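Asker: kindly return the folded structure for what I paste below:
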Amino acid sequence: MELNLERPLLFFDIESTGLNIATDGIIELSFVKALPGGETKIKTWKIKPWDYEGHRQIPIAPQASEVNGVKDEDLVNCPKFIEVLPEVLEWMEGCDLAGFNSVKFDLPLLAEEMERVRAYCRTRVADPKSAEKARQMLDALDKVDLHSCKMVDVQNIFHHFEPRNLKAAYRFYCGGKDFENAHTAEADTVATLEVLKAQLDRYQAPTDYREEVLKNDVDALSRIGGRPRTVDFAGRLILNDDGEPCISFGKHKGRTAREVWESEPSYFAWIENGDFTLDTKQQFARLKTQFQKERKQALDRPATTDELQGLADKFNGKLF
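Answerer: Residues are numbered from 1 along each chain as shown. As a prediction, the model looks like this:
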């Protein structure tokens, strides 16, 4: 069935350097514009992700590169987002938006990139050489308000009509019928066991569209979907690529817990006295104890020859 449109509907998808909206950037942006009457237009940009304050290319996280197949060197000669933005805004003007799981990631990242350009242009208005271009960019940005656009998320429609809950799973894997006494703890638990058995039966052989098989092994089963990278169950602490616990919210979002403890130890006291789960408080307390122990061990050990020489050099050879 063709779409019934009064305005153009702009489908879009983003590939990025990572999943942190505050720090990552767009490396590929694709538009498919569905017009009233049935015509479609397609445009895709390869983009060099750019840190406007640091004047450098934003590196692609290894995990992101594994998924999208793009490496940093592939983007060196590509335009920055600010350079393609005028054309991007022309494509967006007067459109509603659509995507797959775009409300949670693609739309916020697109908005973030636009705001980065807005902030950069505001700093350039005072420069006579770039003032006019900066003002033109700011005027173009003002014509597109992502908060006022209607947003169709196709994944939300999928999940709405094909719910991903236990009852739906039981229907799909166990014969198409509902189980009795749903939403009682015992019935739900028994149904979960039956669903897992049926999944093991269903995914024992590869197909044309799915090569992976489901191994009848608890370790393998537990890895499906990836192990959670949260330190606490509430997700206030997450592990970064180096396995270091990082703050996932607030003013210290993205910083390691170790950095925060060293620069602002009172933050840990704020967590302890704040409106957080007991598990979250326990994990912060555990890290605090670990950091204190490591600092004490560092202070108690004898200084190395290199450290003593460094002190000697600092004081021109005179320690006392």
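
Asker: please enumerate the strands of the stretch 1-150 of the chain.
Answerer: Using DSSP state E, counting those that start in this stretch, the strands of the stretch 1-150 of the chain run over 9-16, 26-34, 40-46, 50-51, 56-57, 96-99.

Asker: out of those, nearest to Q309?
Answerer: Set against Q309 and scored by Cβ to Cβ, the strands of the stretch 1-150 of the chain come closest in strand 56-57, at 34.4 Å. Just so you know, the C-beta spots here come from the backbone N, C-alpha and C atoms, and that holds for glycine as well.

Asker: strand partners of the closest one, parallel vs antiparallel please.
Answerer: Strand 56-57 has the following strand partners under DSSP bridges: strand 50-51 (antiparallel).

Asker: wait, N20 sits on C246?
Answerer: No: using Cβ atoms under 8 Å, N20 makes no contact with C246, being 9.9 Å away.

Asker: residues making contact with stretch 173-191?
Answerer: For stretch 173-191, the surrounding residues in contact (Cβ atoms under 8 Å, 6 or more residues apart in numbering) are 166-167, 170-171, 194-195, 198-199, 202.

Asker: so which of those is the most crowded?
Answerer: Highest neighbour count within the contacts of stretch 173-191: Y170, with 21 neighbours (other Cβ atoms under 10 Å).

Asker: then that one would be within a helix, right?
Answerer: Yes: under DSSP: H, G, I helix; E, B strand; the rest coil, Y170 falls within a helix.

Asker: tell me how far it lies from Q199.
Answerer: The gap separating Y170 from Q199 is 11 Å, by Cβ to Cβ, to the nearest Å.

Asker: list the contacts for R236?
Answerer: 247-249, 276, 280, 283.

Asker: same deal with P245?
Answerer: 231, 237-239, 256-258, 283, 287.

Asker: at 6 Å what do you get?
Answerer: By Cβ atoms under 6 Å, 6 or more residues apart in numbering, the contact set of P245 is 231, 237, 257.

Asker: still on that earlier bit, just put the strands of the stretch 1-150 of the chain in a markdown table and tack on mean pLDDT.
Answerer: Shown next, in a markdown table, are the strands of the stretch 1-150 of the chain (pLDDT from 0 to 100):
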| stretch | mean pLDDT |
| --- | --- |
| strand 9-16 | 94 |
| strand 26-34 | 95 |
| strand 40-46 | 94 |
| strand 50-51 | 94 |
| strand 56-57 | 96 |
| strand 96-99 | 92 |
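
Asker: for E212, find the nearest of these.
Answerer: strand 9-16 (22.8 Å).

Asker: ok, the closest one: who's next to it in the sheet?
Answerer: strand 26-34 (antiparallel), strand 96-99 (parallel).

Asker: show me the contacts of R236 that map onto helices.
Answerer: The helices, defined by DSSP state H, take in 280, 283 from those.

Asker: out of the contacts of R236, which is nearest to D300?
Answerer: Nearest member of the contacts of R236 to D300, counting by Cβ to Cβ, is Q283, at 26.1 Å.

Asker: quick one: mean pLDDT over stretch 297-311.
Answerer: For stretch 297-311, mean pLDDT is 74.

Asker: centre of the chain to that stretch, how far?
Answerer: For stretch 297-311, the gap between its own C-alpha mean and the chain's C-alpha mean amounts to 41 Å (Cα atoms, centre = their mean, to the nearest Å).

Asker: low-confidence stretches in this protein?
Answerer: Scanning the chain for pLDDT under 70 picks out 182-183, 225-228, 307-308, 311, 314-320.
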